[in-house]
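> Coordinates only, no sequence provided:
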């Protein structure tokens with residue numbers, strides 16, 4: 001009986017042009033890191049726009065943190081903490097498997113700022129699709145692409 005109701009609900013959403021599109025409000029990345037405090041410091045000091053807005057626990061060694069830059073939010077969680085919740089992550093490597101694409105303004109100034117203090121993976125360049133981009137690596141090996 002329940003499966004039949006679920007299928008009827010899906011059919012109604014499809015007819016209305018809905019489906020899961022109407023359920024999604026926002027996507028926030030929660031990146032697995034070895035050291036949450038070190039990561040918070042990197043994003044606060046090196047990226048220079050992120051502010052810490054929430055942590056767990058509130059004091060002591062951090063298992064998780066949420067940071068904000070303007071209206072954008074990103075979360076970082078320790079591998080130990082994530083592996084306790086999701087054991088399938090226990091043997092996974094940190095970084096290198098996610099690319100965070102960040103739209104920005106004043107990309108030349110931003111590139112100059114980063115080129116002194118972080119590992120630039122790809123220099124500032126023009127793309128065939130009319131954007132200017134450069135790539136850096138964060139302290140966990142995640143790739144950040146800045147684009148204008």
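Alright, I've got the coordinates. Source: prediction; values computed, not measured.
> Show me the helices in the chain, by range?
Listed in chain order, the helices of the chain (DSSP state H) span 2-15, 36-45, 79-85, 107-115.
> Which residues belonging to the third one are considered buried?
What that stands for is helix 79-85. Residues of helix 79-85 classed as buried: 79, 81-83 (neighbour count, 16 or more other C-beta atoms under 10 Å). C-beta coordinates here come from the backbone N, C-alpha and C atoms, glycine included.
> same check, this time on stretch 37-49
Buried residues in stretch 37-49 (16+ other C-beta under 10 Å): 39-40, 42-43, 47.
> Distance to residue 137 and pLDDT for the residues you listed - can I get that in CSV?
CSV is the format used below for those (distance: C-beta to C-beta, whole Å; pLDDT from 0 to 100):
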residue, distance to residue 137, pLDDT
39, 13, 97
40, 17, 97
42, 11, 96
43, 13, 96
47, 12, 90
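> Quick one: residues contacting residue 135.
Applying C-beta atoms under 8 Å, 6 or more residues apart in numbering to residue 135 gives the contacts 120-122, 143-146.
> Kindly reformat the residues you listed as a markdown table containing neighbour count and pLDDT.
Formatted as a markdown table, the contacts of residue 135 follow (neighbours: other C-beta atoms under 10 Å; pLDDT from 0 to 100):
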| residue | neighbour count | pLDDT |
| --- | --- | --- |
| 120 | 15 | 96 |
| 121 | 12 | 96 |
| 122 | 11 | 97 |
| 143 | 17 | 95 |
| 144 | 19 | 95 |
| 145 | 17 | 96 |
| 146 | 20 | 96 |
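> quick one on the thing from earlier: what is the nearest of the buried residues of helix 79-85 to residue 57?
Ranked by distance to residue 57 (C-beta to C-beta), the buried residues of helix 79-85 are led by residue 81 at 10.4 Å.
> Tell me how far that closest one lies from residue 55.
Going from residue 81 to residue 55 by C-beta to C-beta, to the nearest Å gives 12 Å.
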